[in-house]
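Chemist: model this:
(chains A and B)
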Amino acid sequence: MNILCLEQGDWMKPESYPGMRMDWELSQLGDFALSPNARGRREDYPVNDSASPIQASMFNAVGGSTIMYAAHFPRFHPSDFQVKTLDGVADDWPVDYQRLAPFYDVNAHMMGVSGLAGDPMYPPKTVPLPPVALGKLGETLAKGFNRLGWHWWPSDSAITTQEHEGRAPCINAGTCLLGCAQGAKASTDITYWPAALRQGVRLKTRCRVREITVAANGMADGVIYYDADGVERRQQAHVVVVACNGIGTPRLLLNSRSTLFPDGLANRSGLVGRNLMFHPYAMVTGIFDEPLEGYKGPTGCCIMSQEFYETDVARGFVRGYSFEIVRSFGPVSTAMRGMQWGRIPWGADHHRAFAELFDRTAGMVVICEDLPEHSNRVTLDPDLKDSDGIPAPKVTYRLSENSSKMLEHCVARATEVLEAAGAKETVAEAPLPFAGWHLMGTARMGTDPTTSVVNEWGRCHDVRNLFIIDGSIFVTAAAVNPTNTIQALALYIADTMKKNLATLFD
Amino acid sequence: MDNESNKRDLSNEESRVLTSVLDEIIPPSTDRRLPGAGQLGLAGYVVEALQKAPELIVMVAQGLSDLDNQARSRNASGFAALAREDKLRLLNEWGFLLPLTLHTYTGYYQHARVIEALGLEARPPHPEGYHMEPNDLSLLDPVRRRAKLYREC
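Modeler: Numbers count the residues shown, from 1 in each chain, chains lettered A, B, ... in the order given. The predicted structure follows:
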């Protein structure tokens, strides 16, 4: 088997990640800004998200968005796969937790997941490494949860806390979102890719695929791409596997039009690009009287609470959310946040106001489950193009009433727990406009070709040698970070392909 | 676009006004532990940041000149020589404070002298990282006492 991967980004150099520099915090405004529109790197493509209250976030490189994610790594719950059966909304997945469990286990080892067994919110599961350091900030908030009698647990994190498979342990630098120079945060360039290359997989970087082509028999027969020099090339293939995630994948399929697929490849259902799900996020920050050393520790991984995870219709909405405690800010970020909040003025009161905030904030982000809505979608922008002339994606998204009610509820509960932990004041932001980093649903899975794009093992209904293995195949979003489930699904799909090689296109 | 031919430097007079403005944006702390932003020598940093938007530096430079000229109607020696309350009155009417404030804040809080005054080590987070105490997992005892919380399916 010859396997070639075309990646539009390039290898990252950990030794040049911003955390090695004094001006590291400013990288959040430049090369490591969340939005590709703000970064404007050669590897980025623009996204028209003007018709969305949530801005899309992704990163193109070997390792993709795992280069800049926080590595928060919870699994889906068993109930997350059966939302229709249990709560009468959305749809059920054609796979369940039991089917994916062995692949979550494999992924935990490959990525080096740290955490703690015994969480009553999950069936028993293995966690290879001990949890990340909670620190004074984490323990202060844990006590707040305990005072209210609410669930909390150390986060499952794709961050090594001990030496693991040749990777060094976390040093609590707090620069996770800007790449991990230590190599403790798991990104796929340092976990899966070395193993894949040893097995003979070939990787061509700086190669941007424009479209997938089809033969007269309706099977994919390769791709057209621009190489590192911008020259148009053609690569033939017997099987095509797509992993461009919830915005990049529908963009590629919609741009792969032909006489057989005038509405985009594998799109006879009309569902490619539809049912886009973000996770509407809230962020609630508490201001405390004492220093919390919040600049230490993995940025987004500390403790998680799922007290309000499952549906309780008495709340006025269905499904639920997760609290994820986040660390605090360095000096520059404190100053900028304080300026944004109107709390750190220039002039005579500056130093007092800064001292009130610096190292005295602790908070949480809240991940709300986003239900699929047909009108939330990715299309091709009629005007905006990337540097190779490929149409940019356009995101059209609105917050549902269910999401709005959920956000209101979660902000109130987050405020409650921060006050129970000792916060004298809180600041809430909801929805977070820059938090469109979970991209799901736009080539959904299902057994019915009229209501789904891929089958239960990721094969496109309309094109039997085309597979999708990223977040676009999600049926529902759960209320947890999707990366662990994306990877478990990819492993499951690959395993199924391998077991069915002789009948792969039947 | 940022290229050498478009870069606009400040005159000596404009730089003097800017330094004085920076000392009003972030003044010295009352206990003198923290310097003013102008005293810290941040004028060069701020100008370099503004030069990334060539139109903006031109506008700010003109704005600094206008500020100084307005000041000279009250004090022949210009803005830097004004009394504090007069400086603040002019700055509150001035239209360029926002970009200056942003760059002043970002330059100030990455300066080694300020970081040390805040009680931190003046070094990047990597490669040393930070020591953290071992977890007190006895805090989980109340949660462990709860029954299974996930839904069976």
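Chemist: so residue A:380 is in contact with residue A:394, correct?
Modeler: Yes. Judged on CB atoms under 8 Å, residue A:380 makes contact with residue A:394 at a distance of 6.8 Å. For the C-beta atoms, the positions are set from N, CA and C on the backbone; glycine is no exception.
Chemist: neighbour count winner among the two?
Modeler: Taking neighbours as other CB atoms under 10 Å in any protein chain shown, residue A:380 and residue A:394 compare with residue A:394 leading, 22 against 19.
Chemist: wait, that one touches residue A:56, no?
Modeler: No. Counting by CB under 8 Å, residue A:394 sits too far from residue A:56 to count as a contact (10.3 Å).
Chemist: does the longest helix anywhere in chain B reach chain A?
Modeler: Among the segments of chain B that qualify as a helix by DSSP state H, the longest is helix B:54-72. No. Helix B:54-72 is not in contact with chain A by CB under 8 Å from any CB of the partner chain; minimum separation 14.9 Å.
Chemist: tell me how far that helix is from the chain's mean position?
Modeler: In terms of CA atoms, centre = their mean, to the nearest Å, the centre of helix B:54-72 is found 19 Å from the chain centre.
Chemist: and what of stretch A:304-318?
Modeler: With CA atoms, centre = their mean as the basis, stretch A:304-318 stands 22 Å off its chain's centre.
Chemist: what does the next helix or strand after the longest helix of chain B contact?
Modeler: Following helix B:54-72 in sequence order, the next helix or strand is helix B:84-93 (DSSP states H and E). By CB atoms under 8 Å, 6 or more residues apart in numbering or on different chains, the list of residues contacting helix B:84-93 from outside reads A:347, B:20-21, B:24, B:67, B:70-71, B:74-75, B:79, B:82, B:97.
Chemist: mind doing that once more with 6 Å?
Modeler: B:24, B:70, B:74 (CB atoms under 6 Å, 6 or more residues apart in numbering or on different chains).
Chemist: okay, those residues in CSV with pLDDT and neighbour count next?
Modeler: Formatted as CSV, the contacts of helix B:84-93 follow (pLDDT from 0 to 100; neighbours: other CB atoms under 10 Å in any protein chain shown):
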residue, pLDDT, neighbour count
B:24, 96, 22
B:70, 90, 16
B:74, 81, 15
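Chemist: and of these, the nearest to chain A?
Modeler: Lowest distance from chain A to the contacts of helix B:84-93 (CB to the nearest CB) belongs to residue B:24, with 6.5 Å.
Chemist: did I read that right, the closest one in a helix?
Modeler: Yes. Counting by DSSP: H, G, I helix; E, B strand; the rest coil, residue B:24 is located in a helix.
Chemist: and the pLDDT at the residue of chain B found nearest chain A?
Modeler: Proximity of chain B to chain A (CB to the nearest CB) peaks at residue B:129, 2.5 Å away. Confidence at residue B:129, expressed as pLDDT, is 97.
Chemist: roughly how far does residue A:18 sit from residue A:178?
Modeler: 4 Å (CB to CB, to the nearest Å).
Chemist: list residues touching both of the two?
Modeler: With CB under 6 Å, 6+ apart as the test, residue A:18 and residue A:178 both reach residue A:27.
Chemist: give me the phi and psi for the most centrally placed residue in chain B.
Modeler: For chain B, residue B:105 is the residue whose C-alpha lies nearest the centre (CA atoms, centre = their mean; 1.7 Å). Dihedral pair for residue B:105: phi -60, psi -50, per degrees, to the nearest 10.
Chemist: once you drop chain neighbours, what's closest to it?
Modeler: Excluding its sequence neighbours, the residue lying closest to residue B:105 (CB to CB, 6 or more residues apart in numbering or on different chains) is residue A:335, at 4.1 Å.
Chemist: and what of residue B:70?
Modeler: Per CB to CB, 6+ apart, closest to residue B:70 is residue B:90, 5.9 Å.
Chemist: the stretch 401-506 of chain A: helices as residue ranges?
Modeler: A:401-420, A:483-499 (DSSP state H, counting those that start in this stretch).
Chemist: which among those is found nearest to chain B?
Modeler: Nearest to chain B among the helices of the stretch 401-506 of chain A is helix A:401-420 (13.0 Å), distances taken as CB to the nearest CB.
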